[in-house]
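A.B. asks: can you look at this prediction? I've put the sequence above it.
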Amino acid sequence: MESNRQRKVAQIIQEDFAELFRKQSSESKQNILVSVSDVKVTPDLGIAKIYLSIFPQEFRTAVMKEIEENKAQYRNFIGQKMAKQVRIIPQLNFYLDTTLDDVERIEKELRGEGENPVL
């Protein structure tokens, strides 16, 4: 069960990264949408798992690779934002959130449009 402190830190991280990715996508020449769907923080506040939704799908691997390469800069960014609220700046782990794709795939299957058509 998450503590209030974990929820507050996760919310701060989610809001700050959502704003950062929004700015980056507006400055980019490509139309890529990166949204922060969820943030989970460990009880010791040492690790933050950040779940990202990236659209369109064909840019996912390239964007995730770029984010992984710039992980140190992102940690520095969040450290400057959270310096007054926490003692330890959490390690950042980024994950691709595919729940919307899974929902779409299941709905397709239920309509009989997928690999298992309704007989």
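C.D. replies: Here it is on my side, so go on.

A.B. asks: next, the buried residues of whatever helix or strand K65 lives in.
C.D. replies: Element membership for K65, per DSSP states H and E: helix 60-69. Using 16 or more other CB atoms under 10 Å as the test for burial, helix 60-69 gives R60, V63, M64, I67. The way it works is simple: take the backbone N, C-alpha and C, and place the C-beta from them, glycine included.

A.B. asks: can you check the pLDDT for L119?
C.D. replies: Note for L119: predicted pLDDT of 55.

A.B. asks: and the contacts of the one helix or strand E107 maps to?
C.D. replies: Of the helices and strands defined by DSSP H and E, E107 is found in helix 99-111. With contact meaning CB atoms under 8 Å, 6 or more residues apart in numbering, helix 99-111 is reached by S37, S53, Q57, G114, E115, N116.

A.B. asks: which ones are touching the first one?
C.D. replies: Residues near S37 by CB under 8 Å, 6+ apart: Y51, L52, S53, D97, T99.

A.B. asks: how many residues are close by K84?
C.D. replies: For K84, the neighbour count with other CB atoms under 10 Å is 5.

A.B. asks: so which residues of this protein form helices?
C.D. replies: Secondary structure of the chain (DSSP state H): helices at 4-27, 60-69, 71-82, 99-111.

A.B. asks: just want the angle from the helix or strand of the chain with the lowest mean pLDDT to helix 60-69.
C.D. replies: Least confident element among the helices and strands of the chain, by mean pLDDT, DSSP states H and E: helix 99-111 (a mean of 83). Helix 99-111 and helix 60-69 are oriented at 160 degrees to each other (axes from the mean of the first three to the mean of the last three CA atoms, to 10 degrees).

A.B. asks: quick one on the thing from earlier: adding distance to S26 and neighbour count, write the contacts of S37 out as a markdown table.
C.D. replies: Below are those laid out as a markdown table (distance: CB to CB, whole Å; neighbours: other CB atoms under 10 Å):
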| residue | distance to S26 | neighbour count |
| --- | --- | --- |
| Y51 | 22 | 18 |
| L52 | 17 | 20 |
| S53 | 17 | 17 |
| D97 | 21 | 17 |
| T99 | 25 | 11 |
